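Colleague: Need a 3D model of the sequence below.
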Amino acid sequence: MYTEVTLKTDLSHLSDKQRKMVGIMIEVAEIMDGLFWRQSYGDKDALLSKIKDPDTRRFAELNYGPWDRLNNNEPFISGYNAKPDVAQFYPEDMTKEELASAPAAIRDQYTMVTRDADGKLKAIPYHVYFKDEIEKAAKKLEEAAGLAEDAGLKNYLTKRAKALRTDEYFESDLAWMDMKSNKIDLVVGPIEHYEDKVANYKTAFEAYVLIKDTAWSKRLEKYAAMLPELQAGIPVDAAYKKEKPGTDSDLNAYDVIYYAGDCNAGSKTIAINLPNDEKVQLQKGTRRLQLKNAMRAKFDKILVPLSDMLIDESQRKHITFDAFFANTMFHEVAHGLGIKNTINGKGLVKTALKEKSSPIEEGKADILGLYMIGELLKKGELDGNIRDYYVTFVAGIFRSVRFGAASAHGQANMLRFQAFVDSGAIVRDTEKGTWRVDFDKMPAAVEALSAKILKLQGDGDYDAVKAWFKAKGEMPQTLKDDLNRLAKAGIPRDIYFKQGREVLGL
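Modeller: Residues are numbered from 1 along each chain as shown. Below is the predicted model of the structure:
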């Protein structure tokens, strides 16, 4: 299911201080990895010590537990039931109704929830619950800050250490947004909500250590400045695009040299769009980080061989890395567009749509990114052939739908696939078992799906979103059969990493 990729890049341009700082950042990431194990499964050592078969043990390490993340979290070790929706964030016997009526602290994104002596839900802040590990990580961040030669990076690392100790991340998020000239970057802390399958309230610990690719980043600069113009042009009524995206967003390419925690569990992230805090987004925008080396590995090792089996022979010439890179990049750009607050008083979109907020947001980003590519091509702001982007995008659905319906991205892929089939934008050749894009029907299908999702988000229509997932979120048998052919051919679903200080020679 996985193929190994060695994570390294050229570090020869770094100073001795910078190389030492990278090593310390990896140590911080290793601490985040341990914290995620505790949030997701519990006692890592207790699990691994009782697994005798080395391959099974390695599979448990890749999945951060005994559940297969690329197979709808099905248990692969006997004696385990389905993965609890609560993970370790809440007591396993907690109900959704109990959560909904509990004090606000129980739903806070930076608290672990237990029961007190009377059996009532009790919130414990992350910095208290994980006190020893948090303090160790914070001290290492301060040590790294002492080595930082870039003023913006020094400021961020210092403020991030404080944030870990207090669970107050706003100031460090702003500091991260203000960094412009740093060659090295570290994404660290409790960030994404995917692991909480109950309500997407809780954030999970993770870390990326990154080296900036200045040449590729230069090519991407202009698109961040175009966000307000892109927002004005999205295909939905004015009420659903009245928010103004921050113009301080930036768009850069990086080589990633270490993954840890949530982002390393199961399918691997190839692009980042942060911070998630809507207040930061409206004030400063976001930073969009394209992880070029990881992206290239997935393209070469998975997307190309997959396309040779599932894409119509006449359209395989349209599978290109530049289109794959751009589709991924504009997915991240699209996260900053649309609407964060409902238009009818239901509060934040992510609150109104509950556990469906993450998959519907991923669906928006995918389809709206493709819509924007079409618009930019028309304006002459982007090079290439729209057919490359369309065919590579569809091949990308086959790649990422293999992650299963347990992930937000997997659920989003299923809705999009069904919408394309229903509209006739993609068609299957039953004799050859291949798929082709109908280039005449695809533009209208992209626009209609973009508009549908944007409206559902703006309306905060939880019931409609839930009904849509129920009706179209299941994988049809034909697609299951096609994906099984890929597995039988030995085409991996995803990658895993050989990484760390030894790999980098640190």
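
Colleague: just checking, Ala138 touches Asp167?
Modeller: No. If you go by Cβ atoms under 8 Å, Ala138 and Asp167 don't touch, sitting 11.8 Å apart. The C-beta positions use only the backbone N, C-alpha and C, and glycine is treated the same way.

Colleague: Compare these two and say which one has the larger neighbour count.
Modeller: Ala138 (21 against 18; other Cβ atoms under 10 Å).

Colleague: Not counting its neighbours along the chain, what's nearest the more buried one?
Modeller: Ala161 (4.1 Å; Cβ to Cβ, 6 or more residues apart in numbering).

Colleague: got a list of what that neighbour touches?
Modeller: 137-139, 141-142, 145 (Cβ atoms under 8 Å, 6 or more residues apart in numbering).

Colleague: can those residues go into JSON lines with extra columns for distance to Gln18 and secondary structure?
Modeller: Below are those laid out as JSON lines (distance: Cβ to Cβ, whole Å; DSSP: H, G, I helix; E, B strand; the rest coil):
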{"residue": "Ala137", "distance to Gln18": "20", "secondary structure": "helix"}
{"residue": "Ala138", "distance to Gln18": "21", "secondary structure": "helix"}
{"residue": "Lys139", "distance to Gln18": "20", "secondary structure": "helix"}
{"residue": "Leu141", "distance to Gln18": "15", "secondary structure": "helix"}
{"residue": "Glu142", "distance to Gln18": "17", "secondary structure": "helix"}
{"residue": "Ala145", "distance to Gln18": "13", "secondary structure": "helix"}
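
Colleague: Tell me the one among these nearest to Gly410.
Modeller: Closest to Gly410 out of the contacts of Ala161 is Ala137 (30.6 Å), distances taken as Cβ to Cβ.

Colleague: Could you verify that the residue nearest to Ala138 is part of a strand?
Modeller: No. Counting by DSSP: H, G, I helix; E, B strand; the rest coil, Ala161 is not part of a strand but helix.

Colleague: thinking again about what came up before, list only those of the contacts of Ala161 flagged as buried.
Modeller: Using 16 or more other Cβ atoms under 10 Å as the burial test, the contacts of Ala161 include 137-138, 141, 145 as buried.

Colleague: Helix or strand next in line after whichever helix in the chain runs longest, which one?
Modeller: When the chain is parsed with DSSP state H, its longest helix is helix 16-40. Using DSSP states H and E, the helix or strand that follows helix 16-40 towards the C-terminus is helix 44-49.

Colleague: and the next element down the chain from that next one?
Modeller: Note on helix 44-49: by DSSP H and E, the next helix or strand toward the C-terminus is helix 54-63.

Colleague: can you dump the C-alpha coordinates of the helix or strand bottoming out on mean pLDDT in the chain into PDB?
Modeller: In the chain, the helix or strand scored least confidently by mean pLDDT, DSSP states H and E is helix 214-225, which has a mean of 78. Backbone C-alpha positions of helix 214-225 (Å, rounded to 0.1, in the frame of the first residue of the first chain) are rendered in PDB as follows:
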ATOM      1  CA  THR A 214      13.500  30.200  -3.600                       C
ATOM      2  CA  ALA A 215      13.400  29.600  -7.400                       C
ATOM      3  CA  TRP A 216      10.000  28.000  -7.500                       C
ATOM      4  CA  SER A 217       8.700  30.400  -4.900                       C
ATOM      5  CA  LYS A 218       9.500  33.300  -7.100                       C
ATOM      6  CA  ARG A 219       7.200  31.900  -9.800                       C
ATOM      7  CA  LEU A 220       4.300  31.800  -7.400                       C
ATOM      8  CA  GLU A 221       4.400  35.300  -5.900                       C
ATOM      9  CA  LYS A 222       1.900  37.000  -8.100                       C
ATOM     10  CA  TYR A 223      -1.100  34.700  -7.300                       C
ATOM     11  CA  ALA A 224      -1.200  35.600  -3.700                       C
ATOM     12  CA  ALA A 225      -1.700  39.300  -4.600                       C
END
